[in-house]
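1. what follows is a predicted protein model with its sequence.
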Amino acid sequence: MKTIELQRRKVLKGALATSLVTLAASWGMLGNIAHAARPQMAFDADDVDGTLKALFGEDGIQDSESIIVKGPEIAENGAVVPIKVTANMDDAQSIAILVPENPAPMVASFDLQPGVVPQVSVRIKMGKTSDVIALVRSNGQVYRGVKEVKVTIGGCGG
Amino acid sequence: MTIKAKTKMTSDGKVQVKMLIKHPMETGQRKDRKTGKPIPAHFVEIVTCHWQDKEMVRAHWGPAISKNPYLSFKISGPQAGETLTLRWSDNQGKSGEQLSEIS
């Protein structure tokens, strides 16, 4: 009787572990093991808090001088603002770019496999003067770098 | 809607990937000036870069990426003569692919 009971527990434990792993994978928590699904909730959020919660849950975010956001001091045309994000750290698994003053702050996120240099360059739209925030996930931590870009003519309307 | 890509070895032994996708990147918030009707959202959602069947980079984009999107990044591992596969797909189900030989 006892052994059967023990086995039953083992089976239950195994099932629980499996379902937790599946859950973690579907939330993109396993980083490099499973490719994170599109963070649609983050794209749908209309404020920074909502975006951060959708991306990182309750994980704390740390400002870091190792995250460098490069962009123009003044962008004359908000429709095309060149931004380069560099993470001077090993094992950066993802880079996200947010513009808090845009109607939806989430601009882009990049999932990077080992071997990819944690640096991306893109051109983004900015509705008006705003910070550009880069968030980098590395070793279970989230690091933040910021740069303000002044926009002369916004690039979201028309 | 095509990809123009350049993949080049740099002096540090890494591969510089530069790509340009021809795409309108409509936000869905603009209106047609003549008719006043809203222009439907039409933007690239996913861009990937594969090397030897392994996905190295996956970009998730929203409509705040500029029209005719530009993306560049660097990878270590691939060598000159090898091929990288670049793909995109948008929110209207359209997609494209470009193979780029590393020079």
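-> Perfect, I can see it now.
2. so which bits of chain B are right by chain A?
-> Where chain B comes near chain A, counting by CB under 8 Å from any CB of the partner chain, the residues are B:14, B:27, B:29-31, B:45-46, B:54-67, B:69-77. All C-beta atoms are positioned from the backbone trio N, CA, C, and that covers glycine.
3. make a ChimeraX selection of the buried ones in these.
-> Paste this into ChimeraX to select the buried members of these, with burial taken from 16 or more other CB atoms under 10 Å in any protein chain shown:
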select /B:14,27,45,56,57,58,59,60,61,62,63,64,65,66,67,69,70,71,73,74,75,77
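4. and B:K74, what does it touch?
-> Contact criterion CB atoms under 8 Å, 6 or more residues apart in numbering or on different chains gives A:116-117, A:119, B:10, B:14-17 as the residues in contact with B:K74.
5. and B:H42, by the same measure?
-> B:23-26, B:28, B:90-92.
6. what's the most distant pair in the residues you listed?
-> With distance counted by CB to CB, no two of the contacts of B:H42 lie farther apart than B:H23 and B:G28, which are 14.1 Å apart.
7. how about stretch A:106-114, which residues are buried there?
-> A:106-113.
8. ok, of these, which one's closest to B:E82?
-> Nearest to B:E82, judged by CB to CB, of the buried residues of stretch A:106-114 is A:Q113 at 15.8 Å.
9. would you agree the closest one is in contact with B:M56?
-> Yes - under the criterion of CB atoms under 8 Å, A:Q113 makes contact with B:M56 at 4.9 Å.
10. any idea how far the closest residue to B:Q98 other than its chain neighbours is from B:Q92?
-> With CB to CB, 6 or more residues apart in numbering or on different chains as the criterion, B:Q98 has its nearest non-adjacent residue at 3.9 Å, and that residue is B:I3. When distance is defined by CB to CB, to the nearest Å, B:I3 is 17 Å away from B:Q92.
11. next, count neighbours for B:N68.
-> A total of 15 residues lie near B:N68 under the criterion other CB atoms under 10 Å in any protein chain shown.
12. oh, I was asking about B:T35
-> Applying other CB under 10 Å, we find 8 residues neighbouring B:T35.
13. state the helix or strand in which it lies.
-> Taking DSSP states H and E as the definition, B:T35 sits outside all helices and strands.
14. least confident secondary structure element in chain A?
-> Here the helix or strand of chain A ranked lowest by mean pLDDT, DSSP states H and E is helix A:2-26, holding a mean of 54.
15. surely A:S121 is in contact with B:S66?
-> No - using CB under 8 Å as the test, A:S121 is too far from B:S66 to be in contact (12.0 Å).
16. buried stuff in the host helix or strand of A:T86?
-> In this assignment (DSSP H and E), A:T86 forms part of strand A:81-87. Buried residues in strand A:81-87, counted by 16+ other CB under 10 Å: A:81, A:83, A:85-87.
17. which strand in chain A runs the most residues?
-> When every strand of chain A is counted residue by residue (DSSP state E), the longest turns out to be strand A:141-153.
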